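Enquirer: This is the structure alone, sequence omitted:
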């Protein structure tokens with residue numbers, strides 16, 4: 001990950017640890033895995049028996065005992081072996097790959113589920129493009145790894161062990177000379193493999209950076225075009241793209257070194273068998289038939305080693321993918337249900353802040369300091385003050401998007417940290433300045449407030465939000481596509497759809513976080529009317545910069561630098577001629 005990426009996902013894990021963490025994903029597919037390994041054993045039998053078949057034919061030819069019937073028997077045996085091999089290969093390529101895809105699916109499900117449980121703090125520090133890279137390309141690599149890794153290592157181990165047993169019974173010195181080179185080759189390639197692993201991880205991290213940059217640029221394409229800054233965006237993209245190119249060059253350099261090392265030992269093993277075997281044959285220590293078998297077994301083992309070498313790239317990609325998957329899975333949920341959490345039921349809507357202190361980061365100062373607020377059921381409390389005073393933070397603490405650092409918040413005298421998150425948040429409706437509409441229809445976006453709601457309920461919610469009229473005028477009414485993030489609708493239309501969503505949810509507690517600050521006057525008037533209908537009979541917390549919208553609140557709290565500077569009704573605060581009166585007069589003059 002780049003130095004400027006503040007994501008916490010930067011750990012390095014040993015290969016053995018990664019494999020131990022990954023193995024449980026095989027459990028639901030153990031039957032397929034075991035049969036796949038059995039098929040892998042069958043595919044090895046033909047290769048391992050072929051040198052013995054040729055040795056037998058060559059040996060009989062040398063001593064004059066070779067017959068046509070013996071050749072026929074050996075031919076039939078080998079044909080049977082090849083038929084078994086073909087059937088086994090079909091299963092491995094079919095069901096084996098399906099097993100890999102199933103494991104990928106399981107991991108993606110677990111990753112998405114875990115991401116849903118992580119708090120805002122995680123998303124504050126992590127780029128979405130990095131997360132998307134881990135959800136897609138990293139897990140694609142795991143499909144191939146999960147299928148081929150057990151196969152390749154099982155086949156390699158089987159061939160090497162069986163070949164060793166057979167050859168040690170033919171000629172001990174030549175066998176030991178040949179097999180002594182394998183550990184030496186492993187030692188020589190370890191350092192290169194470590195560098196390959198590091199390069200693959202850098203490559204994956206840089207893909208995440210590119211994804212994040214592309215996402216940022218495309219989502220902000222209207223801003224880019226309005227400032228005619230396409231060249232600047234292209235320059236930023238080129239930098240990330242060229243960085244990726246440099247990493248790929250490094251990656252291929254290590255791969256080339258790895259392959260060159262293996263090929264050098266490949267040549268050394270052939271030379272050892274041919275030269276030393278030829279000397280043994282001259283001395284009568286080994287027969288021509290046995291030397292032929294040695295050459296064939298050497299070829300079989302070298303082909304096996306080549307397959308492992310070719311798989312080394314997929315192995316390192318798989319290890320990188322598993323590591324990046326676990327980096328997210330190991331991020332602990334800092335906002336979760338307490339062991340004794342209870343459901344919030346029959347909500348009246350009394351909200352109390354008791355000596356609440358909060359900071360976003362332990363290394364930084366408090367955002368809120370000893371806040372005490374008592375909001376009665378059905379009251380409308382407004383929060384005003386300069387930007388950065390802590391207004392939005394207070395609203396984010398009630399649904400536990402963040403947890404208080406000190407003190408406590410209660411709803412109906414119940415500490416919200418002892419309530420289940422599901423029941424807490426289902427009783428709170430939030431309308432924000434930055435409205436998010438999902439890519440889909442108007443109907444689907446309103447229904448999000450109450451999944452499974454009837455069409456009549458959705459239309460009624462839209463009417464209450466003042467949205468039914470403009471929705472009916474859309475080309476396909478409620479089935480009209482809103483575009484990504486609701487781009488096909490105006491700001492006022494998007495806001496009223498979000499209000500309809502909350503009307504459908506019908507929560508007893510309502511949070512309005514600068515819900516009209518980004519709208520023009522006409523849209524603000526329409527939305528404000530919808531919000532007043534929505535707030536009726538509910539405990540409502542309103543954050544506003546437009547002070548005229550909170551004049552009628554039951555009381556107003558003025559926040560400055562994380563502290564309550566003033567509180568009271570509009571009239572009371574105007575009479576004090578303090579901070580609020582100054583802000584209000586300044587606003588109305590403007």
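Expert: Received, thanks. Worth saying up front: this structure is predicted, and the values here are computed from it rather than measured.
Enquirer: in this structure, which ranges drop under the pLDDT threshold?
Expert: In the predicted model of the chain, residues 1-12, 215, 218-227, 306, 309-310, 313, 515-524, 589-590 satisfy pLDDT under 70.
Enquirer: Output the longest helix belonging to it.
Expert: Taking DSSP state H as the criterion, the chain has its longest helix at helix 172-219.
Enquirer: Report the distance from it to the chain centre.
Expert: 22 Å (C-alpha atoms, centre = their mean, to the nearest Å).
Enquirer: so what does it touch, helix or strand wise?
Expert: Helix 172-219 sits against helix 128-135, helix 137-168, helix 230-271, helix 277-282, helix 288-329, with contacts defined as 3 or more C-beta pairs under 8 Å, 6 or more residues apart in numbering; DSSP states H and E. Any C-beta I mention is one placed from the backbone N, CA and C, and that applies to glycine too.
Enquirer: To residue 417, which of those helices lies closest?
Expert: helix 288-329 (24.4 Å; C-beta to C-beta).
Enquirer: and the closest one, what does it pack onto?
Expert: With contacts taken as 3+ C-beta pairs under 8 Å, 6+ apart, helix 288-329 sits against helix 15-22, helix 30-63, helix 97-117, helix 128-135, helix 137-168, helix 172-219, helix 230-271, helix 277-282.
Enquirer: buried sites along the shortest one?
Expert: If I follow you right, that is helix 277-282. By 16 or more other C-beta atoms under 10 Å, the buried positions in helix 277-282 come out as 277, 280.
Enquirer: Near residue 17, how many other residues are there?
Expert: Using other C-beta atoms under 10 Å, residue 17 has 12 other residues around it.
Enquirer: right, and the secondary structure at residue 369 would be what?
Expert: Three-state assignment for residue 369 (DSSP: H, G, I helix; E, B strand; the rest coil): strand.
Enquirer: Identify the residue spatially nearest to it, adjacent ones excluded.
Expert: Leaving aside its sequence neighbours, residue 369 sits nearest to residue 562 (C-beta to C-beta, 6 or more residues apart in numbering; 4.9 Å).
Enquirer: measure residue 533 to residue 472 for me?
Expert: For residue 533, the distance to residue 472 (C-beta to C-beta, to the nearest Å) stands at 19 Å.
Enquirer: okay, these two: which has more neighbours?
Expert: Higher neighbour count among residue 533 and residue 472: residue 533, with 14 against 11, using other C-beta under 10 Å.
Enquirer: can you pull the contacts of the closest residue to that one other than its chain neighbours?
Expert: Leaving aside its chain neighbours, residue 533 sits nearest to residue 464 (5.8 Å; criterion: C-beta to C-beta, 6+ apart). By C-beta atoms under 8 Å, 6 or more residues apart in numbering, residue 464 lies in contact with 500, 503, 530, 533-534.
Enquirer: List the contacts of residue 378.
Expert: When contacts are counted by C-beta under 8 Å, 6+ apart, residue 378 is found next to 349, 537-539.
Enquirer: so residue 42 touches residue 84, yeah?
Expert: Yes: under the criterion of C-beta atoms under 8 Å, residue 42 makes contact with residue 84 at 5.1 Å.
Enquirer: Could you identify which of the contacts of residue 464 has the most neighbours?
Expert: Neighbour counts for these (other C-beta under 10 Å) peak at residue 500, which has 29 neighbours.
Enquirer: Format the helices and strands packed on helix 288-329 as a markdown table; extra columns: distance to residue 345.
Expert: Below are these laid out as a markdown table (distance: least, C-beta to C-beta, whole Å):
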| stretch | distance to residue 345 |
| --- | --- |
| helix 15-22 | 39 |
| helix 30-63 | 43 |
| helix 97-117 | 23 |
| helix 128-135 | 35 |
| helix 137-168 | 40 |
| helix 172-219 | 40 |
| helix 230-271 | 51 |
| helix 277-282 | 83 |
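Enquirer: right, and those helices - which one's nearest residue 331?
Expert: Closest among the helices and strands packed on helix 288-329, using C-beta to C-beta: helix 97-117, at 7.8 Å.
Enquirer: Tell me the helix or strand right after the closest one.
Expert: Going down the chain from helix 97-117, the next helix or strand is helix 120-125, by DSSP states H and E.
Enquirer: And that following helix, what's buried?
Expert: Neighbour counts over helix 120-125 (16+ other C-beta under 10 Å) mark 121-122 as buried.
Enquirer: swap in stretch 260-276?
Expert: Applying 16+ other C-beta under 10 Å to stretch 260-276 flags 261-262, 265-266, 269, 272-273, 276 as buried.
Enquirer: returning to that earlier point: now the contacts of residue 378 as a markdown table including secondary structure and neighbour count?
Expert: Output for the contacts of residue 378, formatted as a markdown table (DSSP: H, G, I helix; E, B strand; the rest coil; neighbours: other C-beta atoms under 10 Å):
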| residue | secondary structure | neighbour count |
| --- | --- | --- |
| 349 | coil | 21 |
| 537 | coil | 11 |
| 538 | coil | 18 |
| 539 | strand | 24 |
